[in-house]
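Asks: show me how the following folds:
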Amino acid sequence: MNAPIPFEKQVVVIYAGINGYLDKLSIDKILPFEKNLYQKLDTTFKGLLDKIVAEKNLTDEVEAEIKKVIEAVVAESMVG
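Replies: Just a heads-up that it's a prediction; the model follows:
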């Protein structure tokens, strides 16, 4: 599937990469991590995507929520 990734989702996945969150995962866990991350952003953390679009800035509140969703998905990725 070659669908473009919306900007607000790119912000979160790039944040995960540049801040070392993906370093904790083996290579074979990266794609499932990304899929799970996007699913969480579309459901449980939908409000975060809306804030990223509205703010267009990495405020402390937005960054805290980004960390929360990434940490949750990393933890789930390490279990399976």
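
Asks: show the secondary-structure elements that the helix of greatest length in the chain is packed against.
Replies: Of all segments of type helix in the chain, defined using DSSP state H, the longest is helix 60-79. When contacts are defined as 3 or more CB pairs under 8 Å, 6 or more residues apart in numbering; DSSP states H and E, helix 60-79 sits against helix 7-18, helix 30-42, helix 46-55. For glycine as for every other residue, the C-beta is placed from the backbone atoms N, C-alpha and C.

Asks: looking at these, which is closest to A64?
Replies: helix 46-55 (9.9 Å; CB to CB).

Asks: remind me what that closest one packs against, helices and strands.
Replies: Judged by 3+ CB pairs under 8 Å, 6+ apart, helix 46-55 is in contact with helix 7-18, helix 30-42, helix 60-79.

Asks: now those in a markdown table, with mean pLDDT?
Replies: Output for the helices and strands packed on helix 46-55, formatted as a markdown table (pLDDT from 0 to 100):
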| stretch | mean pLDDT |
| --- | --- |
| helix 7-18 | 95 |
| helix 30-42 | 95 |
| helix 60-79 | 94 |
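
Asks: for L48, which of the ones you listed is the nearest?
Replies: Using CB to CB as the measure, helix 60-79 is the one of the helices and strands packed on helix 46-55 that comes nearest L48, at 4.7 Å.

Asks: please tell me how far the residue lying closest to V53 once chain neighbours are set aside sits from V69.
Replies: Leaving aside its chain neighbours, V53 sits nearest to E8 (5.3 Å; criterion: CB to CB, 6 or more residues apart in numbering). Per CB to CB, to the nearest Å, E8 is found 12 Å from V69.

Asks: mind listing the shared neighbours of the two?
Replies: L41 (CB atoms under 8 Å, 6 or more residues apart in numbering).

Asks: how about the helices and strands packed on helix 60-79 in a markdown table, adding distance to V62?
Replies: Below are those laid out as a markdown table (distance: least, CB to CB, whole Å):
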| stretch | distance to V62 |
| --- | --- |
| helix 7-18 | 9 |
| helix 30-42 | 13 |
| helix 46-55 | 5 |
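
Asks: V79: which of those helices is closest?
Replies: V79 lies closest to helix 30-42 among those, at 11.2 Å (CB to CB).
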